[in-house]
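**Student:** Fold the following and give me the result.
(one chain, ligands or ions: 4)
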Amino acid sequence: MSKCFDAQDMNEKMIEKTLIADELHTAIAEEQWVLCYQPKAELTTGKVVGMEALIRWAHPSKGLISPAHFISIAEETGQICAIGEWVITQACRDILQWRSHEVQAPNVAINVSARQFQDGEFFEKLVRILANHDVSPNRISLEITESILMTNDEFIGDILKNFKKLGITLALDDFGTGYSALSYLKYFPFDYVKIDQSFVRDINTNSGDAAIAKAVISMAHSLGLRVIAEGVETDAQCEFLCNHLCDEIQGHFFSRPISAGEIENFLRADTRLPEHLLRMEK
Ligand code: C2E
Ligand code: MG
Ligand code: MG
Ligand code: MG
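**Tutor:** Numbering: from 1, shown residues only. Ligands and ions are numbered 1, 2, ... in the order given. Just a heads-up that it's a prediction; the model follows:
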């Protein structure tokens, strides 16, 4: 009986996946996307030092759809390559727009999937899009997850080194959720480690999460990397991270992901973290 239900369940999932992949086809052709930005604040100064570009699907009848509902399908079908190109292009257009309004935008971080790296032309495409928009590579960082590193070490290592040579900043995203081999931090040229929000959520009450966060910060620092905590929602979490010398925070506590236009106001207003939450420098 349960087998039968399982089969039915799987079948429904397959159909839904196929439907979404089909709709993604139209979404790519019609550019049904919106790019939001979530500011990152530095814990020593309280200032915005970067922001992460996060895609949403502006579906004509279903409204805004979160990436959690379509990125993994687009990765499976390979559609993520076209979507990813749109993201890079749109980020460049937004940077130009901010520039034309005389807003000095901080570094923009772009999420990249393993599948995009496997497309042999990813490096050239990214470089070309940046050059076409007159955006310097040092305005951009790439956030990648461990799944990329597990595919083909040498090839990935070479691409990452080439990005780094160009001046692009590299961040290891969602640290702690995958294999989290410490050797990744030694062998690949990362600048940042992002502590996954699953460790931040209960950082004040769960001694295991607190210990992991502290260990990641201290290990990353001893390797010369900076640390960003994601999913920071409360001042208590912020205070903990500050006391344990985390470098930057990102999360609803400082700002939700907002539109390119709202980012402009956010930056113009010189929005900062409250002073009492800043790190006291020795
Ligand atoms: P991520 O890169 O780890 O991004 C962080 C996620 O945490 C975002 O979800 C963000 O909105 C959410 N978040 C930020 N602050 C808080 C907070 O305080 N509390 C909670 N509960 N959540 C917070 P989002 O935007 O739904 O994106 C989910 C994932 O989708 C991203 O995880 C990333 O892996 C992927 N993604 C988003 N945009 C792109 C893209 O352009 N390309 C690719 N390949 N993947 C993307
Ligand atoms: Mg990310
Ligand atoms: Mg993340
Ligand atoms: Mg995450």
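**Student:** use CA for all of it now, contacts and neighbours both
**Tutor:** Noted.
**Student:** What is the neighbour count of Ile83?
**Tutor:** 22 (other CA atoms under 10 Å).
**Student:** That one and Ala29 touch, don't they?
**Tutor:** No: taking CA atoms under 8 Å as the definition, Ile83 is not a contact partner of Ala29, at 9.9 Å.
**Student:** Would you check how far apart Ile15 and Asp9 are?
**Tutor:** 10 Å (CA to CA, to the nearest Å).
**Student:** quick one, helices of the stretch 51-200 of the chain?
**Tutor:** 71-77, 80-100, 114-118, 122-132, 146-149, 153-166, 182-187, 197-200 (DSSP state H, counting those that start in this stretch).
**Student:** The fifth one close to ligand 3?
**Tutor:** No: contact between helix 146-149 and ligand 3, assessed by CA under 5 Å from the ion, is absent, since the two come no nearer than 11.1 Å.
**Student:** Which residues in that helix does the neighbour count mark as buried?
**Tutor:** For helix 146-149, burial by neighbour count (16 or more other CA atoms under 10 Å) applies to Glu146, Ile148, Leu149.
**Student:** What pLDDT is listed against the nearest residue to the last one once chain neighbours are set aside?
**Tutor:** Distances taken as CA to CA, 6 or more residues apart in numbering place Ile156 nearest to Leu149, at 6.6 Å, with adjacent residues excluded. The predicted local distance difference test score for Ile156 is 87.
**Student:** and if you look at the one 3 residues further on?
**Tutor:** Note on Ile159: pLDDT of 92.
**Student:** repeat for Gly224
**Tutor:** Confidence score, pLDDT, at Gly224: 95.
**Student:** separation between the nearest residue to it once chain neighbours are set aside and ligand 3?
**Tutor:** Closest residue to Gly224 apart from its sequence neighbours, by CA to CA, 6+ apart: Asp191 at 7.9 Å. From Asp191 across to ligand 3, the span is 15 Å (CA to the ion, to the nearest Å).
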